[in-house]
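Participant: Dropping a prediction and its sequence here:
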Amino acid sequence: MFDQGDDPAQPFDHARMLDILARADADRLAVLAEELLGGLGAVEVVQSRTGLVMLPLRDTVQGTDFHLGEVLVAEAHIRAAGTEGYGMIVGRDLTRAMAMAVVDAAASLGQTPAIRAFLRREAAEQAAADNARLREVEATRVDMETF
Amino acid sequence: MAYVATRGGERAIDQSERLYRAGLGQIDAARVDEIRRALPMLIDRVMGEASLYEPDLAALALAQAGGDLYEAVLLLRAWRTTQPRLAIAEAVLQDQLFTHRRISAAFKDIPGGQILGPSLDYAHRLLATDVLRGVPFIPTAVDPASVAAPAHQPSLAAWQKAQGLVADPARTDVAPDDIPDLTREPLLFPAERAHRLQSLARADTGGMLALGYSAMRGYGNAHPTVNELRLAEAEVRVRHPRGTVFSAGRVKVSQAEVTSKGKSGLLELGFCATLGWNEVKVISGATLDLNAPGAAKGSPVEEEFFLYHTEPVEASGFCIHFKLPHYVTFQSSLDALRGAKAATPAAPVKVTA
């Protein structure tokens, strides 16, 4: 995968940015949102709520999509400075979802160096956490012999 | 129902609930947090059966129910109805799962290799009694490999289809909004495959094990071998109002394919998956799915039988409702019994010749 964020001049595409924000550290995300809030002026909260997202999975036998069950999510939707911001995260932390929406709204007006620096750091931490886990998982690779 | 024809006992009922809750003591955030951190397997089981993924709420339900699984599942299913449905996520495909464990008991050299992941399969089952004498059990850390395991792996069935070992039925894409949904439609028979698999995903682990085990012991049509067992995390991919699809985070899922040699000369497969990591449940469910085709009416591996009897809230609710007053219905049975007795002619007197 093209590793966005290596070049500080390149903005993150929207999907990649949202992926990173939804997994970002809650405290650091809140700090960034606080900093960006001033530049957005009056904020209209369109939605701030918890709710359910149904999660389908594809059966490997017949290729049938079916519902595994519902996941509780927190959702935030705001309007400010002539733009919109949206956040949705797994769990019930409305503050995290709202912080994500604030960053999304601010970034839609232009990804400032502060936003890009934040995304680069969070992306690196998320990749490092995945890598650490997968190195532990790799340690359990087994080569069975039959007799 | 007859038990509505009773009244009174309000004080006793109130004190009875108090007596139950007093036995559980104070429930606070620390207790809920400890349950969530200490009992992830139990949390996963409850979330899967409740069909609601939220570990904090599952821990709270367990705390409030004092560990009674059926009460906890009922609390979560009831709470779920207070929440709006915001979206249906994109369907998760196997090669998108962040995989922690993937093994096959049927094929030794599977593409991607066998990854044991977190497991007690080959561990000694010894109770750490020293803990009770004040010596904490401190787990030994994993020695990580120098390289990372691949995060994503295709399903073994996909490889078998490419090899011509299993049937590869044509599939048609279904829009997420059109996927059959048991929370909004009744379960009818023969069940749509999407209904069967959703029902198994929500089913009671113990009930599935009992019925699946009956098939494994020989009361079914096919003996299962685990084709692939996987513990993973799935991305919950949702849509931004501007149309961008992104992941709102990950949830734990488990899935199993089981296989047996079919009459057609191909391998036959059964499938089951659920929210959370629950290996007994998905292996049992996949065994039931494998055995269902052609099963005799009323056998434990017939889909109507196993789907109806493994729905945890309905089954446990029906069982415990028998504790509630049935005085009127039972009185009616008694009246019938007495009536029959009164109407029965006395035994004829034997006359000796």
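Facilitator: Structure received.

Participant: For the helix or strand where residue A:97 lies, name the packing helices and strands.
Facilitator: Applying DSSP states H and E as the criterion places residue A:97 in helix A:94-108. Judged by 3 or more Cβ pairs under 8 Å, 6 or more residues apart in numbering or on different chains; DSSP states H and E, the packing partners of helix A:94-108 are helix A:14-23, helix A:26-37, strand A:43-58, strand A:65-80, strand A:83-90, helix A:113-138. Backbone N, C-alpha and C define where each C-beta goes, glycine included.

Participant: what's next to that helix, contact-wise?
Facilitator: Helix A:94-108 has contacts (Cβ atoms under 8 Å, 6 or more residues apart in numbering or on different chains) with A:17-18, A:21-22, A:24, A:26, A:29-30, A:32-33, A:36-37, A:39-40, A:43, A:45, A:48-50, A:73-81, A:83-89, A:112, A:115, A:118, B:240.

Participant: of all the helices and strands packed on helix A:94-108, which lies closest to residue B:335?
Facilitator: Proximity to residue B:335 (Cβ to Cβ) singles out strand A:65-80 among those, at 47.0 Å.

Participant: Return the closest one as CSV; C-alpha atoms alone will do.
Facilitator: C-alpha atoms of strand A:65-80 as CSV (Å, rounded to 0.1, in the frame of the first residue of the first chain):
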residue,chain,number,x,y,z
ASP,A,65,-23.4,-12.2,2.8
PHE,A,66,-25.1,-12.5,6.2
HIS,A,67,-25.4,-10.4,9.4
LEU,A,68,-22.9,-11.3,12.1
GLY,A,69,-24.4,-8.9,14.6
GLU,A,70,-24.6,-5.2,15.6
VAL,A,71,-21.7,-3.0,16.7
LEU,A,72,-22.3,-0.1,19.1
VAL,A,73,-20.8,3.1,17.6
ALA,A,74,-20.6,6.7,18.6
GLU,A,75,-21.5,9.2,15.8
ALA,A,76,-20.9,12.9,15.5
HIS,A,77,-21.9,15.2,12.7
ILE,A,78,-21.3,19.0,12.7
ARG,A,79,-21.5,22.0,10.5
ALA,A,80,-19.1,24.9,10.8
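
Participant: Establish whether that strand and chain B are in contact.
Facilitator: Yes - shown here: strand A:65-80 in contact with chain B (Cβ under 8 Å from any Cβ of the partner chain) through A:65, A:66, A:67, A:68, A:69, A:70, A:71, A:72, A:73, A:75, A:77.

Participant: From residue B:156, how far off is the second one?
Facilitator: Per Cβ to Cβ, to the nearest Å, residue A:66 is found 19 Å from residue B:156.

Participant: burial of the nearest residue to residue B:99 once chain neighbours are set aside, as a residue count?
Facilitator: Leaving aside its sequence neighbours, residue B:99 sits nearest to residue B:232 (Cβ to Cβ, 6 or more residues apart in numbering or on different chains; 4.6 Å). Counted with other Cβ atoms under 10 Å in any protein chain shown, residues neighbouring residue B:232 total 25.

Participant: Flag every buried residue along the helix holding residue A:97.
Facilitator: By 16 or more other Cβ atoms under 10 Å in any protein chain shown, the buried positions in helix A:94-108 come out as A:94, A:96-108.

Participant: now the angle between helix A:113-138 and it, please.
Facilitator: Computed with axes from the mean of the first three to the mean of the last three Cα atoms, to 10 degrees, the direction of helix A:94-108 lies at 120 degrees from that of helix A:113-138.

Participant: List phi and psi for residue B:276.
Facilitator: Backbone dihedrals for residue B:276, given as degrees, to the nearest 10, come out at phi 80, psi 170.

Participant: wait, what's in contact with it?
Facilitator: Contacts for residue B:276 were tallied using Cβ under 8 Å, 6+ apart; they are B:43, B:44, B:45, B:47, B:48, B:53, B:252, B:253, B:254.

Participant: how close does the first one get to residue B:326?
Facilitator: Applying Cβ to Cβ, the value for residue B:43 to residue B:326 is 36 Å.

Participant: before we move on, the earlier item: just flag the most distant two among the buried residues of helix A:94-108.
Facilitator: Farthest-apart pair in the buried residues of helix A:94-108 is A:94 and A:108; separation 21.0 Å (Cβ to Cβ).

Participant: if we can go back for a sec, just confirm the residue nearest to residue B:99 is within a strand.
Facilitator: Yes - per DSSP: H, G, I helix; E, B strand; the rest coil, residue B:232 lies within a strand segment.

Participant: where does it land on pLDDT?
Facilitator: We have a pLDDT of 98 for residue B:232.

Participant: hang on, it packs against residue B:95?
Facilitator: No - the pair residue B:232 / residue B:95 is not scored as a contact, 10.7 Å apart, by Cβ atoms under 8 Å.

Participant: what's around residue B:181, how many residues?
Facilitator: 17.

Participant: just to revisit the earlier point, for the helix holding residue A:97, what is the average pLDDT?
Facilitator: Confidence over helix A:94-108, taken as the mean pLDDT, stands at 98.
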